[in-house]
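K.L.:
pasting the structure only:
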């Protein structure tokens, strides 16, 4: 369902400290200098290509990054509405990561 968030709510959600947010939800983080690596496992093994610093992140393997909202969309497969609600603490969805999506544009690089 569409939820009309204010600009202030969107800015607030996008500036959530991802390190703290993910730690509170049981994700494993490893300190590397001034950043943290998100450590997760899937069927292909251990992954640590995502670095976090405050409210920003970067996935070195897939060369994408951004703010907290985009992280929730990319890593957990949430839609915008759910991501904002989650970051603002309005809902708590059981988190299970979905592997980063590969866009059609990336698959067709020639």
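P.N.:
Looks like it came in fine. Source: prediction; values computed, not measured.
K.L.:
got the contact list for residue 13?
P.N.:
Taking Cβ atoms under 8 Å, 6 or more residues apart in numbering, we find residue 13 in contact with 5, 68-69, 83-84, 87-88. Quick note: C-beta positions are derived from backbone N, CA and C, even for glycine.
K.L.:
try it again with 10 Å
P.N.:
Residue 13 makes contact with 5, 55, 67-69, 72, 80, 83-90, according to Cβ atoms under 10 Å, 6 or more residues apart in numbering.
K.L.:
ok, it to residue 62 distance?
P.N.:
22 Å (Cβ to Cβ, to the nearest Å).
K.L.:
And residue 78, by the same measure?
P.N.:
For residue 78, the distance to residue 62 - Cβ to Cβ - is 17 Å.
K.L.:
Settle it for me: which of these two has more neighbours?
P.N.:
residue 78 (20 against 16; other Cβ atoms under 10 Å).
K.L.:
Does the nearest residue to that one once chain neighbours are set aside belong to a helix, a strand or coil?
P.N.:
In space, residue 78 comes closest to residue 72 once its chain neighbours are excluded; the distance is 4.8 Å by Cβ to Cβ, 6 or more residues apart in numbering. Assigned state for residue 72: helix (three-state reduction, DSSP: H, G, I helix; E, B strand; the rest coil).
K.L.:
count of neighbours near residue 72?
P.N.:
26.
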